[in-house]
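Visitor: structure here, sequence nowhere to be found:
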């Protein structure tokens, strides 16, 4: 046989063998599938709003369907049922009815940003398929629940016979991202070298367009897609094309626990708090720049504010970003007025929120903005980025009263800081009270009610 013939037969044999192995795994998995809900959440230690949603979703399932076992797929090897139960309480104040079962994943590196220096988005997406393969082979549930935004795993879960439910915080790609590349805007996901080159920008537009088509295809495999804001809902409906299967469920915000904090604050050294993971899209450097400008603009007779950064670090890259922020505060000569708190316990975060006069947020196109709601509930006046969730859902008037400020650049943020610090106490208290009333619309209780209403038809349909 000719060498080419041998090569062709080798390829055909390899493909057939792969198909047989896949079929065998899927057959065994379907046969051993249990009546359970498995949550695909590879990072159960990220400390962000996504993790709060995870624990509230687990609790809601436990309350709504006690007969369903709750399993968590996690890449954190030290996670155990008891440690996750304790973490839900310590970090988020969420008391689960009983510990979730744990399935450990050992291929999480395939979804890490550092694994893909180029084509990160598509690399992580395909890497998530490999990770979910490990998860589903180890344990196949009746319901596959993605709480981390890995839509490329949905077709695989369907092949394994699972009903697919997801809670989407943020579209992996949005129409706004494509528009910004067309406009030549430089951002954390579109570096300056690409933004300044027409040819590279055109290549990236083709890449983004192709990826958005694939994203729509895999997303349409969801039986139920919950989204966390008007902005996310608009994008997901356009991309996935399944509007009848999409439900808006605002994320759980600890408004009840924070609303008991007194609105009166010490103004001797007014605290400006920033609560966000140390990730590039959170735009912490902009906050430092705005704070530096605000200090220069404040009248000499006004008190000097403090900027408190509170956040969690998921990996080495986040640690490096935190150190870069510390270095930048020294460079801007504001380090004496800036404090950093890493991986803070929930009770300690509440103490800081209870003393803050201002809460600052600067992520462009923040899907929702749990931290903004927490500022408002705690009595801190928010200054949020003038886009997406904060603009469309959160920082809106309540009973005709202003609830906070929206800004886009360092000057606008600085002006808002100065305005709040200079504000008479009675005016500040009125605005803080209106913001607190607005925040009540996004309570944890509201999440439980809307979440259970969304999943009930899926659970009931499967029961029949």
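Guide: Looks like it came in fine. Predicted, not measured: the structure shown is a model, and the values here were computed from it.
Visitor: residue 107 touches residue 130, doesn't it?
Guide: Yes. Counting by C-beta atoms under 8 Å, residue 107 touches residue 130, with 6.1 Å between them. Quick note: C-beta positions are derived from backbone N, CA and C, even for glycine.
Visitor: and the spatially most central residue of the chain, what element?
Guide: Centroid-nearest residue in the chain: residue 50, 4.7 Å away (criterion: C-alpha atoms, centre = their mean). Applying DSSP states H and E as the criterion places residue 50 in helix 49-64.
Visitor: just checking, what packs against that helix?
Guide: strand 34-40, strand 69-74, helix 81-92, helix 370-378, helix 444-463 (3 or more C-beta pairs under 8 Å, 6 or more residues apart in numbering; DSSP states H and E).
Visitor: what average pLDDT does it get?
Guide: For helix 49-64, the mean per-residue pLDDT is 94.
Visitor: buried stuff in it?
Guide: 49-62 (16 or more other C-beta atoms under 10 Å).
Visitor: for residue 398, which non-adjacent residue is closest in space?
Guide: residue 438 (4.1 Å; C-beta to C-beta, 6 or more residues apart in numbering).
Visitor: SS state for that neighbour?
Guide: Classification of residue 438 by DSSP: H, G, I helix; E, B strand; the rest coil places it in helix.
Visitor: can you count the residues close to it?
Guide: Residues near residue 438, counting by other C-beta atoms under 10 Å, number 24.
Visitor: for residue 256, same thing?
Guide: Neighbour count for residue 256, taken as other C-beta under 10 Å: 13.
Visitor: tally of neighbours for residue 80?
Guide: So residue 80, with other C-beta under 10 Å, has 14 neighbours.
Visitor: the chain should start at 57 in everything you say after this.
Guide: With the count now opening at 57, the last piece we talked about shows up as residue 136.
Visitor: what are the phi and psi values at it?
Guide: Phi and psi for residue 136, reported as degrees, to the nearest 10, are phi -130, psi 160.
Visitor: bridging residues for the nearest residue to it once chain neighbours are set aside?
Guide: In space, and not counting its chain neighbours, residue 136 is closest to residue 158: 6.2 Å by C-beta to C-beta, 6+ apart. For residue 158, the beta-bridge partners under DSSP bridges are residue 128.
Visitor: these two touch, right, residue 158 and residue 132?
Guide: No. If you go by C-beta under 8 Å, residue 158 and residue 132 don't touch, sitting 9.1 Å apart.
Visitor: output the lowest mean pLDDT helix or strand found in the protein.
Guide: Here the helix or strand of the chain ranked lowest by mean pLDDT, DSSP states H and E is helix 59-87, holding a mean of 50.
Visitor: hang on, residue 365 in a strand?
Guide: Yes. Counting by three-state DSSP, residue 365 is located in a strand.
Visitor: how close does it get to residue 133?
Guide: As defined by C-beta to C-beta, to the nearest Å, residue 365 lies at a distance of 29 Å from residue 133.
Visitor: before we move on, what about residue 449?
Guide: Residue 449 is 37 Å from residue 133, by C-beta to C-beta.
Visitor: and what of residue 276?
Guide: Distance of residue 276 to residue 133, given as C-beta to C-beta: 34 Å.
Visitor: same question, residue 181
Guide: Taken as C-beta to C-beta, the span from residue 181 to residue 133 is 24 Å.
Visitor: do the same with residue 513
Guide: As defined by C-beta to C-beta, residue 513 lies at a distance of 36 Å from residue 133.
Visitor: again, but for residue 381
Guide: Distance, residue 381 to residue 133, by C-beta to C-beta: 29 Å.
Visitor: looking at these two, which is more packed in?
Guide: Neighbour count, other C-beta under 10 Å: between residue 381 and residue 133, residue 381 has more, with 18 against 10.
Visitor: surely that one touches residue 334?
Guide: Yes. Counting by C-beta under 8 Å, residue 381 does reach residue 334; the two are 7.4 Å apart.
Visitor: joint contacts of the two?
Guide: residue 340 (C-beta atoms under 8 Å, 6 or more residues apart in numbering).
Visitor: could you check the pLDDT of residue 262?
Guide: Confidence score, pLDDT, at residue 262: 86.
Visitor: any idea how many residues pack against it?
Guide: That count, for residue 262 with other C-beta under 10 Å as the rule, works out to 10.
Visitor: could you say which helix or strand contains it?
Guide: Counting by DSSP H and E, residue 262 is found in helix 254-275.
Visitor: how far does that helix sit from the chain's center?
Guide: Between the centre of helix 254-275 and the centre of its chain there are 22 Å (C-alpha atoms, centre = their mean, to the nearest Å).
Visitor: what about residue 267, how many residues nearby?
Guide: The number of residues packed around residue 267, counting by other C-beta under 10 Å, is 18.
Visitor: so it versus residue 287, what's the distance?
Guide: 20 Å.
Visitor: just residue 400 next, same as before
Guide: Counting by C-beta to C-beta, the gap from residue 400 to residue 287 is 28 Å.
Visitor: ok, now residue 214?
Guide: 27 Å.
Visitor: ok, those two, which is more surrounded?
Guide: Between residue 214 and residue 287, counted using other C-beta under 10 Å, the more crowded position is residue 287 (25 against 16).
Visitor: ok, for that one, nearest residue in space, not its chain neighbours?
Guide: Closest to residue 287 by C-beta to C-beta, 6+ apart is residue 444, at 4.1 Å.
Visitor: quick one: contacts for the one you found?
Guide: Shown in contact with residue 444 (C-beta under 8 Å, 6+ apart): 285, 287, 420-425.
Visitor: looking at neighbours, which among the residues you listed is most surrounded?
Guide: Comparing those by number of neighbours (other C-beta under 10 Å), residue 425 comes first, having 31 neighbours.
Visitor: that one touches residue 448, doesn't it?
Guide: No. Residue 425 is beyond contact range of residue 448, at 10.0 Å (criterion: C-beta under 8 Å).
Visitor: thought residue 327 was touching residue 364?
Guide: Yes. Residue 327 is in contact with residue 364 according to C-beta under 8 Å; the separation is 5.8 Å.
Visitor: which residues are in contact with both of the two?
Guide: 408, 412.
Visitor: all helices of the stretch 357-506 of the chain, in order?
Guide: 372-387, 402-411, 426-434, 444-445, 466-478, 481-495, 500-519 (DSSP state H, counting those that start in this stretch).
Visitor: same deal with the stretch 207-356 of the chain?
Guide: Counting by DSSP H, counting those that start in this stretch, the stretch 207-356 of the chain has helices at residues 210-215, 231-239, 248-251, 254-275, 286-296, 311-315, 340-353.
Visitor: lowest average confidence across those helices, which one?
Guide: Lowest mean pLDDT of these: helix 248-251, a mean of 54.
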